[in-house]
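Q: Predicted model and sequence below, questions to follow.
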Amino acid sequence: MSVKVSIIIKALNEQDNIERVLRSALAAASEVNGEVILADSLSTDDTIEIAKKFPVKIVQLTNHHERCCGIGAQLGYQYAQGEFVYVLDADMEIEIEFLRQALELMATNHSLAGIGGILQEMHLDNLEFQARVQRAPVDMQAGDVNHISGGGLYRHSAIDEIGYLTNRNLHSYEEFELGIRLRTAGWRLVRLPIISVKHYGHTMPAYRLLRKRWKSRYSQGLGELIRASFGKDHMSLLMREMTDIKLYLGVMFWWMSLLMILVMVRPWSIMLAMFISLLALPFVAMVIKKGNFPLGIYSVVAWQYLSAGMVLGLMRKQINPSESIASNVLN
């Protein structure tokens, strides 16, 4: 009997989460004639040792320099045999009822390329996830969406049509890039009004997470996304829908305005007053908007990391995202 669903789990140093996600994935696979593929980005902790205790296929990168958010799902996709692929992170847990309903909808609606559900955040003590929940972005609501974040079920034939699952060059925004490529090709994406996964996200302090994302190049994802889209059919759709670009361009204009005040305004007393006023403006505005002092300050600080990262990402060279990824099969 052919494989119905390939469940692809992306992992890097997930020893604290890997057993939970594998157990939930194997339970789901047994219900839908599925296979489970762990795509590992050269974990240095006990992730692989734990995973080898389970009847799953383990594939692993051979080059640690290639680690990024976009490469894990594509690595797993290289080995996927299912009619559908279900992509999720190792810090998630599958809800089987979502998978059942998503497969039923796929069977009756052949214009659908991908289906997501509601992501349930399990750790809300981190400012990052508090901000994410408070934003309540449109793409996380039930109905037609422009992309599926937080894991989703995709039609294998639709992915084959557009060339690759996720872009191996991207350190973030890989799900958005997948969504615009699919919709440019005429496919639809929807989110069902039921919980699809439980997400056990980072518990580290928010500012430490920002530093980690800078070091891992996660903050460069938007710049990489723009560069990857140059000359492509979906470029115009990207520029219309990616509102973060306008935000980070606004941040850079704010930087330049502060610099101009320092260089051009005199006397010193007026320059200092103008500089402090402009510097404080976004912080005050966000604290008022969020109704929460720590969350407002964190939002503006995060913009600085992501705006600088966008510039660096634009300058990064990229390789063909359709090229085969060098890997080893461990299990």
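A: Arrived safely, thanks for sending.
Q: From what I see, A27 and I96 are in contact.
A: Yes: A27 is within contact range of I96, at 6.5 Å (criterion: Cβ atoms under 8 Å). Where you see a C-beta, it was placed from the backbone N, CA and C, and this is true even at glycine.
Q: neighbour count winner among these two?
A: I96 (14 against 11; other Cβ atoms under 10 Å).
Q: quick one, helices of the stretch 101-250 of the chain?
A: Using DSSP state H, counting those that start in this stretch, the helices of the stretch 101-250 of the chain run over 127-135, 156-162, 174-184, 206-215, 221-229, 235-241, 243-264.
Q: Considering the ones you listed, which stretch scores lowest in mean pLDDT?
A: When these are compared by mean pLDDT, helix 127-135 comes last with a mean of 55.
Q: ok now do T62, which residues does it touch?
A: Listed by Cβ atoms under 8 Å, 6 or more residues apart in numbering, the contact partners of T62 are 42, 326-328.
Q: run the last query once more with 7 Å
A: By Cβ atoms under 7 Å, 6 or more residues apart in numbering, T62 lies in contact with 326-328.
Q: Apart from its neighbours in sequence, what residue is nearest it?
A: Spatially, and ignoring its direct neighbours in sequence, T62 is nearest to A326 (4.5 Å; Cβ to Cβ, 6 or more residues apart in numbering).
Q: How confident was the prediction at that neighbour?
A: At A326, pLDDT is 96.
Q: What of I276?
A: 97.
Q: likewise D139?
A: Here the pLDDT value assigned to D139 is 67.
Q: again with Q78
A: Taking Q78 on its own, its pLDDT is 97.
Q: Could you verify my assumption that it touches E323?
A: No: the criterion here is Cβ atoms under 7 Å, and Q78 misses it with E323 at 10.5 Å.
Q: all strands of the protein, in order?
A: Along the chain, counting by DSSP state E, strands occupy 5-11, 34-40, 57-61, 84-89, 92-94, 112-121, 143-144, 152-155, 188-199, 327-329.
Q: which one of these is the most hemmed in?
A: Of all the strands of the chain, strand 5-11 carries the top mean neighbour count, a mean of 28, counting by mean count of other Cβ atoms under 10 Å.
Q: Quick check: neighbours of that one in the sheet, parallel or antiparallel?
A: Its sheet considered, strand 5-11 pairs with strand 34-40 (parallel), strand 84-89 (parallel) by DSSP bridges.
Q: pLDDT on that strand, on average?
A: Averaged across strand 5-11, pLDDT comes to 97.
Q: Show residues contacting it.
A: So strand 5-11 is contacted by 18, 21, 25, 28-29, 32, 34-40, 43, 47, 72-73, 76-77, 80-82, 84-90 (Cβ under 7 Å, 6+ apart).
Q: Work out the gap between it and the centre of the chain.
A: Here strand 5-11 is found 15 Å from its chain centre; the criterion is Cα atoms, centre = their mean, to the nearest Å.
Q: tell me the angle that strand makes with strand 57-61.
A: 40 degrees (axes from the mean of the first three to the mean of the last three Cα atoms, to 10 degrees).
Q: what angle do strand 5-11 and helix 174-184 make?
A: Comparing the axes of strand 5-11 and helix 174-184 via the same axes, to 10 degrees yields an angle of 140 degrees.
Q: returning to that earlier point: the strands paired with strand 5-11: which one's closest to V263?
A: Nearest to V263, of all those, is strand 84-89, at 45.3 Å by Cβ to Cβ.
Q: Can you tell me what sits against the closest one?
A: With Cβ under 7 Å, 6+ apart as the criterion, strand 84-89 contacts 4-10, 73, 77, 94, 99, 103, 106, 151-156, 159, 197.
Q: Please apply the same query to stretch 180-190.
A: Identification of contacts with stretch 180-190 by Cβ under 7 Å, 6+ apart yields 111-115, 143-148, 158, 161-162, 179, 233-234, 237-238.
Q: CA atoms of that stretch as CSV?
A: Output of stretch 180-190 as CSV, limited to C-alpha atoms (Å, rounded to 0.1, in the frame of the first residue of the first chain):
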residue,chain,number,x,y,z
ILE,A,180,3.3,33.0,-2.3
ARG,A,181,4.8,30.5,-4.8
LEU,A,182,1.8,28.2,-4.4
ARG,A,183,-0.7,31.0,-4.8
THR,A,184,1.2,32.5,-7.8
ALA,A,185,0.8,29.0,-9.4
GLY,A,186,-3.0,29.2,-8.8
TRP,A,187,-3.3,27.1,-5.6
ARG,A,188,-5.3,27.9,-2.5
LEU,A,189,-4.3,27.7,1.2
VAL,A,190,-6.7,27.5,4.1
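Q: Pull out the buried positions in that stretch.
A: By neighbour count on 16 or more other Cβ atoms under 10 Å, the buried set for stretch 180-190 is 180-184, 187, 189-190.
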